[in-house]
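[1] using only what follows, build the 3D model:
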Amino acid sequence: MPRLFTRKYLNKHYIAFLVAGIFLILSILFGISIGTVSVPIFTIIKIIGAKLFGGISTSGIDPMYSSIVLNIRLPRVILAGLVGASLAIAGAAFQGLLRNPLADPYTLGVSSGASLGAVLTLFLQISLPLVGMFTLPILSIVFSLMTIFLVLSFAKKIEHSMRVETIILTGIIFSSFLGALISLMIALTGEELRQIIGWLLGSVSMRGWDYIYIILPFFIIGSAILLYNAKELNAMSFGEERAHHLGVNVQKRKMIVLISGSILTGAAVAVSGTIGFVGLVIPHLSRLLWGPDHKYLLPLCILTGSGFLIIADLISRTIISPSELPIGVITSLIGAPIFALILLQRKRKERGDE
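    Just a heads-up that it's a prediction; the model follows:
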């Protein structure tokens, strides 16, 4: 019986990774193919294959297709995928740590803190010595870390036990306050920050390969740390006291998870602006479909979060073509109703328990 159960359990996650991988591949192909100029999927495969491996003939392919794929759509799709993956795995880690499906970088105020850091960097044209183009993500990460620690400190003053609901409500308060500060800066400076309004709504438009080079190292570092701590997240999802009895250094692991999640969020916000609800929706749906084990949940969130944001970006640039909607508008339209449904579900469960 244990052997059969284990085999069934492994098969379930094998299917999960297969489905998520196919979803991501299809999202990438459709994201590159569909647009003002449609590019055939087999042409895309040839162009990318020739670029990656060489030896594949691209004779007969219109050079315009090669330019569109390699210089415009491929970097945009990869960037959207990295941002979606970063926000999704950060959201899954925050939800596991705080044992609440309502926790994500947006509701905890981390995204707003990173946005404030990015806006200040752009407005004041700050450039840190030695780091150059990494100034923007570094300062976004610093502000996101400052925000999460302020949220936790404030929540502890309100309620020493730091219930999860208190932390989330504190995060929403900080998020609203920081959002108001950003709006005030825009209102006071007028024309100088008008271009940043579109950036704040979330977009991967007109971002080239440089933006991928900016986010990629932070994505690798943050994701690797969270994946390494998957077992500890499993333990902490049952409560800090139980995790302590299981031998987990709770305070140390909590800090590691919070810092890693803030690194991922800060870097994502730096290159794409504030994109809400990805870190809320994707982990919640993945957990419902495939279970709460972070060993599988975190990598699944990387795959599905990446594919989800690529599709959201595709919708944002085609739904009112030739104009574009900010990608944050699409994710909010999808995420806000799901957020409300999660709230209703939790309230009904609490009433049922009573």
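[2] mean confidence for the host helix or strand of residue 316?
    Using DSSP states H and E, residue 316 sits within helix 294-318. The average pLDDT within helix 294-318 is 95.
[3] packing partners of that helix?
    Contacts defined by 3 or more C-beta pairs under 8 Å, 6 or more residues apart in numbering; DSSP states H and E place helix 294-318 against helix 2-33, helix 74-98, helix 209-228, helix 230-236, helix 278-290, helix 327-353. All C-beta atoms are positioned from the backbone trio N, CA, C, and that covers glycine.
[4] which of the ones you listed sits most buried?
    Burial of the helices and strands packed on helix 294-318 is given as mean neighbour count (mean count of other C-beta atoms under 10 Å); helix 74-98 ranks first at a mean of 28.
[5] same question for that one, mean pLDDT?
    Here the average pLDDT along helix 74-98 is 95.
[6] quick one: name whatever helix or strand follows it.
    As the chain continues past helix 74-98, the following element, by DSSP H and E, is helix 110-124.
[7] quick check: buried residues in the helix or strand following that next one?
    Using DSSP H and E, the next helix or strand after helix 110-124 towards the C-terminus is helix 135-158. Residues 135-141, 143-148, 150-152, 155 are the ones in helix 135-158 that count as buried (16 or more other C-beta atoms under 10 Å).
[8] distance from the chain centre to stretch 130-139, please.
    20 Å (C-alpha atoms, centre = their mean, to the nearest Å).
[9] neighbouring contacts of it?
    117-118, 120-122, 126-128, 210, 213-215, 218, 266-267, 270-271 (C-beta atoms under 8 Å, 6 or more residues apart in numbering).
[10] can you select the buried ones among the residues you listed for me in ChimeraX?
    A single ChimeraX command selects the buried members of the contacts of stretch 130-139 (16+ other C-beta under 10 Å):
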select :117,118,120,121,122,214,215,218,266,267,270,271
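[11] picking up where we left off before, and the helix holding residue 316, which residues are buried?
    Buried residues in helix 294-318 (16+ other C-beta under 10 Å): 294, 296-317.
[12] which residues of the stretch 251-354 of the chain score low on pLDDT?
    350, 352-354 (pLDDT under 70).
[13] how about a cut-off of 90?
    251-255, 258, 270, 273-277, 280-281, 284-285, 288-291, 320-326, 328-329, 332-354 (pLDDT under 90).
[14] tell me the gap between the helix or strand containing residue 176 and the middle of its chain.
    Assessed by DSSP H and E, residue 176 sits inside helix 164-189. How far helix 164-189 lies from its chain's middle: 19 Å, per C-alpha atoms, centre = their mean.
[15] please apply the same query to stretch 139-149.
    16 Å.
[16] what do you get for stretch 16-30?
    17 Å.
[17] with stretch 117-132 instead?
    Its chain's C-alpha centre and that of stretch 117-132 lie 22 Å apart, by C-alpha atoms, centre = their mean.
[18] what about it, how long is it end to end?
    By C-alpha to C-alpha, to the nearest Å, the extent of stretch 117-132 from end to end equals 16 Å.
[19] what's the mean pLDDT across that stretch?
    83.
[20] repeat that for stretch 178-190.
    The average of the pLDDT scores along stretch 178-190 is 80.
[21] got the contact list for it?
    Residues contacting stretch 178-190 (C-beta under 8 Å, 6+ apart): 109, 112-113, 115-116, 119, 123, 147, 193-194, 196-197, 200.
[22] before we move on, back to that, let me know the angle separating the helix holding residue 316 from helix 2-33.
    20 degrees (axes from the mean of the first three to the mean of the last three C-alpha atoms, to 10 degrees).
[23] looking at the helices and strands packed on helix 294-318, spot the one closest to residue 255.
    Among the helices and strands packed on helix 294-318, helix 74-98 comes nearest to residue 255, with 10.4 Å by C-beta to C-beta.
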